[in-house]
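Q: Quick one: sequence plus predicted model below, questions after.
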Amino acid sequence: FMLRRVARTLATPPPRAVQRPLATRTRPRLHGGGPVSADATWIDLHWQKGGETLGTTRAVVGHSLLEVAHSNHIDLEGACEGSVACSTCHVILEPEVFDMAEEASEDEDDMLDMAFGLTETSRLGCQVFVTEDMDGTTIHLPEATRNFYVDGHVPQPH
């Protein structure tokens, strides 16, 4: 009897997850954050990687691009969780958005020096905060990221 139950369980495929398209999600699932206030201002952001459109998401003004990506299941790593200690949340902004954004700190510039596919409009997603002026812009993700602890980095003793 037990063998038949196990065989039946193994033969039954697991249920498939149903995921709504990015554009239809209305409530963000903030990575480690709390609920969004009812009077929050929202904008639309488009996401691309390697010429492929990843989708359009709703973003709360004031949140970082890293938070928006995590809230909407966009594959933007953020290994250091926004502490400016890596370059895995590297994004490429449209020139107009890059010019409007607050200037990068020296720490951010140092991390960007290690980013894969660095461009003139590269920034760390954890350091760029959504503004109303960004509505409708496209955020480009590089083809790859460089995470030294995953990509073969061997820590050396001090």
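A: Yep, that arrived. Residues are numbered from 1 along each chain as shown.
Q: which SSE is residue 46 in?
A: Take DSSP states H and E as the rule and residue 46 turns out to sit in strand 42-49.
Q: ditto for residue 57
A: When elements are assigned from DSSP H and E, residue 57 belongs to strand 52-60.
Q: one step back: model confidence over the strand holding residue 46, on average?
A: Per-residue pLDDT values across strand 42-49 average out to 97.
Q: Stretch 85-98 too?
A: What stretch 85-98 shows for mean pLDDT is 96.
Q: Endpoint to endpoint, that stretch covers what distance?
A: From its first residue to its last, stretch 85-98 covers 21 Å (C-alpha to C-alpha, to the nearest Å).
Q: quick one on the thing from earlier: show me what the strand holding residue 46 is packed against.
A: The helices and strands touching strand 42-49, judged by 3 or more C-beta pairs under 8 Å, 6 or more residues apart in numbering; DSSP states H and E, are strand 52-60, helix 65-71, strand 138-141. Yep, even glycine has a C-beta here, placed from its N, CA and C like the rest.
Q: Could I have the CA atoms of that strand written out in PDB?
A: This file holds the C-alpha atoms of strand 42-49, laid out as PDB (Å, rounded to 0.1, in the frame of the first residue of the first chain):
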ATOM      1  CA  TRP A  42       3.600  55.900  -8.400                       C
ATOM      2  CA  ILE A  43       5.300  55.900 -11.800                       C
ATOM      3  CA  ASP A  44       6.000  53.400 -14.500                       C
ATOM      4  CA  LEU A  45       9.500  52.000 -15.300                       C
ATOM      5  CA  HIS A  46      10.400  49.800 -18.200                       C
ATOM      6  CA  TRP A  47      13.200  47.200 -17.800                       C
ATOM      7  CA  GLN A  48      15.500  45.800 -20.500                       C
ATOM      8  CA  LYS A  49      18.400  43.400 -20.500                       C
END
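Q: shaky segments in the protein?
A: By pLDDT under 70, the low-scoring segments of the chain are 1-34, 148-158.
Q: Show me where it has its helices.
A: Listed in chain order, the helices of the chain (DSSP state H) span residues 2-11, 65-71, 95-100, 106-112.
Q: separation between residue 54 and residue 47?
A: 4 Å (C-beta to C-beta, to the nearest Å).
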